[in-house]
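Undergrad: mind looking at a prediction? Sequence and model below.
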Amino acid sequence: MNVLVTGSLGQVGSELVLELRRRHGNGNVVASDIRSDAAAAAKEEGPFYALDCRDGRQLARIVRSHNVKRIYHLAALLSAVAEARPQDAWDININGLCTVLEVAREHDCSVFTPSSIAAFGPTAPKDYTPQNTIQQPTSMYGVTKVSGELLCNYYHKKYGVDTRGVRYPGIISNLTLPGGGTTDYAVEIYYEAVRRKRYTCFLKADTYLDMVYMPDAIKAAIDIMEADPVRLRHRNAFNITSMSFSPEDQAAYIRKYVPEFEISYNVDPVRQALANSWPNSLEDYAARVEWGWNPQYDLDAMTADMLKVLSERGV
Ligand code: SER
């Protein structure tokens, strides 16, 4: 099974490529990103292409020449960047996805597309937001995510393309930083705890959001694509979550390992408004029942691991 990953230099892509190459072999996993960063490409252990996912011709050429049968389509703008550049966000997030789905239809590929907690808006239930509920996001990022879910479901129903996806919460990782998201604070806080033992957070102390640690996020992407389709009553996209916490909760857990750690707040109104419009916590029963979602990390285990890895690396 040859696999293509778009957005492979991003936060999720960089770790997903490593894990897929470990499982399938370096030469069978094709990485691609709009950035043609020579240094990053040189570090690649397998094929890498500079690819704009809106370029259907080049995408089709890569799929044909590597006999790709599964696409992980991760190329997208995150929430805060999308709010600053809404027209670009629509173009990249939606036209990019349309291009990928068309190439997948023509070349019989399955497609993984990440959705987000941002696919819900202020009218959805805030706590334990159900799998199937009202989706009226008020951000451009959320509009592209809910449209993407519908488009993927449409391609499955109309053309039989094997589309699957999850609604990721904020993802915390220690290899590649996220870029331009609202949940980025939950990653930065660990770097700053190691570097300076203090952090100034751009969200309010009591803002609750769902989060997941990268090893569980990667496992979700792989497990859902390998799940028996007979068991899938949903496709795009499954709620998943590991934990729900606020910045002050996270700071308290960091203090368990770094007692001098201090947090202060300088709220960014744009990102606070985005966070306020999203759920406090998701209900992820469908993912657990239909394909065995069962995350391993809670806030304490993740905090211990993040601080250990970042300290050892000397960030
Ligand atoms: N982590 C994303 C963001 O903050 C939400 O899906 O934009």
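TA: That came through fine.

Undergrad: got the residues of the stretch 151-300 of the chain near the ligand?
TA: With C-beta under 6 Å from any ligand atom as the criterion, the stretch 151-300 of the chain meets the ligand at residues 168, 170, 181-183. In short, each C-beta sits where N, CA and C put it, glycine included.

Undergrad: for these, give me JSON lines that also has neighbour count.
TA: Listed next are those as JSON lines, based on neighbours: other C-beta atoms under 10 Å:
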{"residue": "Tyr168", "neighbour count": "25"}
{"residue": "Gly170", "neighbour count": "24"}
{"residue": "Gly181", "neighbour count": "24"}
{"residue": "Thr182", "neighbour count": "31"}
{"residue": "Thr183", "neighbour count": "27"}
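
Undergrad: could you list which of the residues you listed belong to strands?
TA: 168, 170 (DSSP state E).

Undergrad: check the residues of the stretch 151-300 of the chain next to the ligand and tell me the two furthest apart.
TA: Greatest spatial distance in those: Tyr168 and Thr182, 12.5 Å, computed using C-beta to C-beta.

Undergrad: surely Tyr49 forms part of a strand?
TA: Yes. Assessed by DSSP: H, G, I helix; E, B strand; the rest coil, Tyr49 belongs to a strand.

Undergrad: is it true that it touches Arg35?
TA: No. The pair Tyr49 / Arg35 is not scored as a contact, 11.4 Å apart, by C-beta atoms under 8 Å.

Undergrad: who's more crowded, these two?
TA: It is Tyr49, of Tyr49 and Arg35, that has more neighbours when counted by other C-beta atoms under 10 Å, with 19 against 12.

Undergrad: how near is the more buried one to Asp55?
TA: 10 Å (C-beta to C-beta, to the nearest Å).

Undergrad: what do you get for Pro269?
TA: According to C-beta to C-beta, Pro269 stands 36 Å off from Asp55.

Undergrad: among the two, which residue is more densely surrounded?
TA: Each of Pro269 and Asp55 has its neighbours counted (other C-beta under 10 Å); Asp55 has more, 14 against 8.

Undergrad: need the phi and psi values for the more buried one.
TA: Per-residue torsions, Asp55: phi -90, psi 90 (degrees, to the nearest 10).

Undergrad: just Val166 next, same as before
TA: phi -130, psi 160.

Undergrad: is it in a bridge, and if so with what?
TA: Val166 forms beta bridges with Phe238, as assigned by DSSP bridges.

Undergrad: quick one, what contacts the residue of the stretch 151-300 of the chain found nearest the ligand?
TA: Closest residue of the stretch 151-300 of the chain to the ligand, C-beta to the nearest ligand atom: Gly181 (2.8 Å). Gly181 sits next to 78-80, 170 when contact means C-beta atoms under 8 Å, 6 or more residues apart in numbering.

Undergrad: out of those residues, who has the most neighbours?
TA: Counting neighbours by other C-beta under 10 Å, Ser79 comes out on top of the contacts of Gly181 with 29 neighbours.

Undergrad: show the model's pLDDT score for that residue.
TA: Per-residue confidence (pLDDT) for Ser79: 95.

Undergrad: same question for the one 4 residues further on.
TA: According to the per-residue confidence, Glu83 scores 96 in pLDDT.

Undergrad: closest one of the residues of the stretch 151-300 of the chain next to the ligand to Tyr159?
TA: Nearest to Tyr159 among those: Tyr168, at 25.2 Å, using C-beta to C-beta.

Undergrad: and that closest one, how far from Ile117?
TA: Relative to Ile117, Tyr168 is positioned 7 Å away (C-beta to C-beta).

Undergrad: next one: the closest residue to Met211 other than its chain neighbours from Ser244, what distance?
TA: The shortest distance from Met211 to any non-neighbouring residue, by C-beta to C-beta, 6 or more residues apart in numbering, is to Gly170 (4.5 Å). Separation of Gly170 from Ser244 (C-beta to C-beta) stands at 10 Å.

Undergrad: surely Phe261 and Ala251 touch.
TA: Yes. Counting by C-beta under 8 Å, Phe261 does reach Ala251; the two are 6.5 Å apart.

Undergrad: now for the two: what residues contact both?
TA: Counting by C-beta under 8 Å, 6+ apart, the common neighbours of Phe261 and Ala251 are Tyr199.

Undergrad: next, the buried residues of stretch 279-299.
TA: Within stretch 279-299, the residues scored as buried using 16 or more other C-beta atoms under 10 Å are 279-284, 286-287, 290-291, 293, 295, 297, 299.
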